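Asker: my questions concern the predicted model and sequence given below.
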Amino acid sequence: MRLLHSAMSLHARGVDLLARADWLPPLLARITVGWIFIESGWGKLNNLPKVIEFFRSLHIPAPELQAPFAAGSELVFGFTVLIGFCTRLSTIPLMVIMTVAIITAKRDDLTTLSDLFAFPEFLYILLLAWLLVRGAGTLSLDRLLRRGDCPHGAAPTAAAAPTAH
């Protein structure tokens, strides 16, 4: 019985410790996804003629408009996700861009559900969807600008509330 009590106590301490680190997963997700999109957008903007030709080869309509629009969107929304500003709103165009990338550029490589799950673009969509639902987290401009009424960022979660043991 004492061993069970010790195990339960250890578990409770572990859960408390993890609750205190609630700020870390959204921060890591934002840094990772934001950086990838900033780098991708910047690279596309600096190689626009090649990107336009690539979009043309994929039969994307109006590649002269779509390529700079997609590149600029990746850069701007990648930055806003990185710093945690309007994070939930910023995830939506990035998810659309990744969905279009899968449908156009990856279509021939997609034969099974496992193929889809292995695409980096799909994994970015998953991280972005998590940020859309969860919000930017504690270490973000969304949280700093929030001032208690939750116009931006994540609403307080149960994990952030103290728990009785």
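Answerer: Yes, it's here.

Asker: quick one: secondary structure of the most centrally placed residue in the chain?
Answerer: Centroid-nearest residue in the chain: L128, 2.9 Å away (criterion: C-alpha atoms, centre = their mean). At L128 the chain is in helix, as set by DSSP: H, G, I helix; E, B strand; the rest coil.

Asker: how close does it get to R88?
Answerer: 10 Å (C-beta to C-beta, to the nearest Å). For the C-beta atoms, the positions are set from N, CA and C on the backbone; glycine is no exception.

Asker: grab the nearest non-local neighbour of the residue nearest to the centre of the chain.
Answerer: Of all residues not flanking L128 in the chain, T91 sits nearest, at 4.2 Å (C-beta to C-beta, 6 or more residues apart in numbering).

Asker: the one you found: how many residues sit nearby?
Answerer: Using other C-beta atoms under 10 Å, T91 has 26 other residues around it.

Asker: who are the contact partners of it?
Answerer: Each residue near T91 by C-beta atoms under 8 Å, 6 or more residues apart in numbering is listed here: F77, V81, L128, A129, L131, L132.

Asker: and the third one, how far is that from L28?
Answerer: Using C-beta to C-beta, we find L128 at a distance of 14 Å from L28.

Asker: pLDDT wise, what is the residue nearest to L128 at?
Answerer: At T91, the model reports a pLDDT of 98.

Asker: is it in a helix, a strand, or coil?
Answerer: Under three-state DSSP, T91 comes out as helix.

Asker: correct me, but A136 touches R30?
Answerer: Yes. A136 is in contact with R30 according to C-beta atoms under 8 Å; the separation is 6.4 Å.
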